[in-house]
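In: The following block contains a protein sequence and its predicted model.
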Amino acid sequence: MNTEIAYNNVELFENIKNADLDKLLVCIRSFKKDYKKGQTIYMETDNIPYVGIVLYGSVHMIKEDIWGNSSLFTFFGPGELFGESFAVQKDISSSVIFKAAEETKVLFLAASNIIHNCPNACAFHSQIATNLFHLLGMKNQKFINKIEILSKGSIREKLLAYISQLAQEQNSKYVNSPLSRVALAEYLSVNRSAMIRELSKMRDDGIIDFDKDTFIVKEVNYGKKN
């Protein structure tokens, strides 16, 4: 049985008292919805009036070209927001597809009720608006990290950049990847078979080891920079 992340671990609700959360969720017209693995949450060109928060599971942001080829642009785990970049715009139609990568529960919040002034002048309402725009800035950093990975020339360099970013985020040489091999190849925009061969070579070269979706980083400084 999946367990929902506690609201006090959701960054969007940072500095909001637990006692105010129930009022807040009513004020911004929240609701929850369950999704099965592979189920679409938002289609391309859909209007996105709601910000989504992953309560458990994971959500993939997918981009398709005119020939129907898809690529995994980014992904969201428990506690993370998705759709907010579209929901706060004047034109709130999406240019990507959001899908549940596994059994997933999402908490939806009406974006217009977050970014516009509350008639009741709730203090916690202004706090959630502040939090949202702070998280928008952090999301931009996530996209910059993806660009850095894709800018690498070889499969090995892309894998190293991806694993390095996760190792720094997790501050450990034991790196838990949220992506399966299939999803990782799509995220890196590389051939899956070629990627798996390269991972084996990297293990043979003593750079990494791995067990399922866990990578063990060897002989590098994965800690914070001085």
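Out: Okay, I see it.

In: Centre of the chain to stretch 62-73, how far?
Out: 17 Å (C-alpha atoms, centre = their mean, to the nearest Å).

In: correction: stretch 187-194
Out: So, by C-alpha atoms, centre = their mean, the centroid of stretch 187-194 is 20 Å from its chain's centroid.

In: what does that stretch rub up against?
Out: Applying C-beta atoms under 8 Å, 6 or more residues apart in numbering, the external contacts of stretch 187-194 come out as 71-72, 74-75, 149-150, 155, 158-159, 162, 179, 181-182, 185, 195. Quick note: C-beta positions are derived from backbone N, CA and C, even for glycine.

In: Take the residues you listed and keep only those in helices.
Out: Using DSSP state H to define helices, the subset of the contacts of stretch 187-194 located there is 149-150, 155, 158-159, 162, 181-182, 185, 195.

In: could I get these as JSON lines with pLDDT, neighbour count and distance to Asp211?
Out: Output for the ones in helices among the contacts of stretch 187-194, formatted as JSON lines (pLDDT from 0 to 100; neighbours: other C-beta atoms under 10 Å; distance: C-beta to C-beta, whole Å):
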{"residue": "Ile149", "pLDDT": "94", "neighbour count": "18", "distance to Asp211": "22"}
{"residue": "Leu150", "pLDDT": "92", "neighbour count": "14", "distance to Asp211": "26"}
{"residue": "Ile155", "pLDDT": "97", "neighbour count": "21", "distance to Asp211": "20"}
{"residue": "Lys158", "pLDDT": "96", "neighbour count": "22", "distance to Asp211": "21"}
{"residue": "Leu159", "pLDDT": "96", "neighbour count": "22", "distance to Asp211": "16"}
{"residue": "Tyr162", "pLDDT": "95", "neighbour count": "22", "distance to Asp211": "17"}
{"residue": "Arg181", "pLDDT": "93", "neighbour count": "16", "distance to Asp211": "13"}
{"residue": "Val182", "pLDDT": "92", "neighbour count": "11", "distance to Asp211": "17"}
{"residue": "Ala185", "pLDDT": "94", "neighbour count": "19", "distance to Asp211": "18"}
{"residue": "Met195", "pLDDT": "97", "neighbour count": "20", "distance to Asp211": "17"}
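
In: any low-confidence regions in the chain?
Out: Residues of the chain meeting the criterion pLDDT under 70: 44-45, 87-94, 117-121, 219-226.

In: Can you tell me which residue sits nearest the middle of it?
Out: For the chain, the residue sitting closest to the mean C-alpha position, by C-alpha atoms, centre = their mean, is Phe76 at 2.2 Å.

In: before we move on, back to that, ok, the ones in helices among the contacts of stretch 187-194 vs Thr214, which is closest?
Out: If you rank these by distance to Thr214 using C-beta to C-beta, Arg181 comes first, at 12.5 Å.

In: picking that back up, quick one: which of the ones in helices among the contacts of stretch 187-194 is nearest to Arg203?
Out: Ranking those by separation from Arg203, with C-beta to C-beta as the measure, puts Leu159 on top at 11.2 Å.

In: Is that closest one in contact with Ser200, as I believe?
Out: No. Using C-beta atoms under 8 Å, Leu159 and Ser200 do not qualify as a contacting pair, with a distance of 11.4 Å.

In: Now the closest residue to Lys17 other than its chain neighbours: which helix or strand?
Out: Computed as C-beta to C-beta, 6 or more residues apart in numbering, the closest residue to Lys17 that is not its neighbour in sequence is Phe124, at 7.2 Å. Assigned by DSSP states H and E, Phe124 belongs to helix 123-150.
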